[in-house]
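Visitor: Got a sequence here, can you build the structure:
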Amino acid sequence: MKNLIFLGPPGSGKGTQAVKLAEKIGVLHLSTGDLLRTAVKEGTELGKQAKQYMERGELVPDELLIGLIESKVTNGDLDNGFILDGFPRTVPQAESLDGMFEKNNMKLDAAILLQVSDEEVVKRLSGRWFCPKCQRTYNFPANMPKQEGICDDDGEKLQRRPDDEEAVVRNRLEVYKKQTQPIEDYYRKKSVLIEVNGEQSPDSVFNDLLKVVGSQVTEERI
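Guide: Predicted coordinates for the structure are as follows:
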């Protein structure tokens, strides 16, 4: 069984890699954002409670998020393993998650950290552009328009999303370091943290992730 958590700063690529790896190894990809939206749409009891917070623009309490994840446990959705992406974000959330796992006789196999430097994050996120007309996206340097600053499809001037401005990106990084980075030490002390170089090409990162998961499966079988 492969029960994994993905960690990493904004722009590390953890969301994309988590989805791809989950599909490859046949486990469920769990995004708390998707969980919340689905629960609200389906009108579950937890979804109704979460909706009240979301409509007020407030953060959904940790116990509600844990409850949403636990509902996936109790209905058997996680029996073949999971990759949890976007949660936990704080040490108290990690502790609550561990408590829920223990209650349900589950264990976390690994917390995988995609290591990306601050400057690389800034370069990646501030290099993202989009067309306001057709919504096509571009990304420096891998996917740039033929004419700088102009959409290939309709000739519109490209824009950068407000949260991709360099000053905003650097602020997001500071928030990450204060709130989320302590989780790295938490999982390191529990001997489940595995670090992967996230500054490689996406294919190289994915291959390293497959090696990590493969070696872990081999160790479990010995």
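
Visitor: hey, let's count contacts and neighbours off CA atoms from now on
Guide: OK.

Visitor: Can you pull out the low-pLDDT segments for the chain?
Guide: Low-confidence segments of the chain, defined by pLDDT under 70: 1, 215-222.

Visitor: which residue ranges form the helices in it?
Guide: 14-25, 32-42, 45-55, 62-74, 91-103, 118-126, 166-179, 182-189, 202-221 (DSSP state H).

Visitor: Buried residues, the first one. List them.
Guide: Along helix 14-25, these residues count as buried under the neighbour rule (16 or more other Cα atoms under 10 Å): K14, G15, Q17, A18, V19, L21, A22.

Visitor: Just give the number of residues close to the closest residue to V205 other than its chain neighbours.
Guide: The shortest distance from V205 to any residue that is not its chain neighbour, by Cα to Cα, 6 or more residues apart in numbering, is 6.0 Å, and that residue is G198. For G198, the tally of surrounding residues (other Cα atoms under 10 Å) stands at 23.

Visitor: what's the answer for the one 4 residues further on, then?
Guide: If you count neighbours by other Cα under 10 Å, P202 ends up with 13.

Visitor: So it versus G81, what's the distance?
Guide: 23 Å (Cα to Cα, to the nearest Å).

Visitor: cool, Y186 as well?
Guide: When Y186 is compared with G81 (using Cα to Cα), they lie 22 Å apart.

Visitor: So if I had to pick from those two, which one is more boxed in?
Guide: Taking neighbours as other Cα under 10 Å, Y186 and G81 compare with G81 leading, 20 against 16.

Visitor: need the contact list for that one.
Guide: Under the criterion of Cα atoms under 8 Å, 6 or more residues apart in numbering, the neighbours of G81 are M1, K2, N3, L4, V27, L28.

Visitor: What subset of those residues is buried?
Guide: Neighbour-count burial (16+ other Cα under 10 Å) is assigned, among the contacts of G81, to K2, N3, L4, V27, L28.

Visitor: from memory I5 sits against A111, does it?
Guide: Yes - with contacts counted by Cα atoms under 8 Å, I5 reaches A111, the gap being 4.6 Å.

Visitor: how many other residues sit next to D154?
Guide: Each residue near D154 was counted by other Cα under 10 Å, and the total is 11.

Visitor: Check N105 too.
Guide: 8.

Visitor: going forward, begin numbering at 608 instead of 1
Guide: Sure, I'll start numbering at 608, so the last one becomes N712.

Visitor: Could you list the buried residues of stretch 718-737?
Guide: Using 16+ other Cα under 10 Å as the test for burial, stretch 718-737 gives 718-723, 725, 728-737.

Visitor: which other residues reach stretch 620-631?
Guide: With contact meaning Cα under 8 Å, 6+ apart, stretch 620-631 is reached by 613-615, 635-636, 689-690, 692-693, 721, 805, 809, 813, 816-817.

Visitor: isn't D725 right next to N778, touching?
Guide: No - with contact defined as Cα under 8 Å, D725 does not reach N778; the gap is 10.9 Å.
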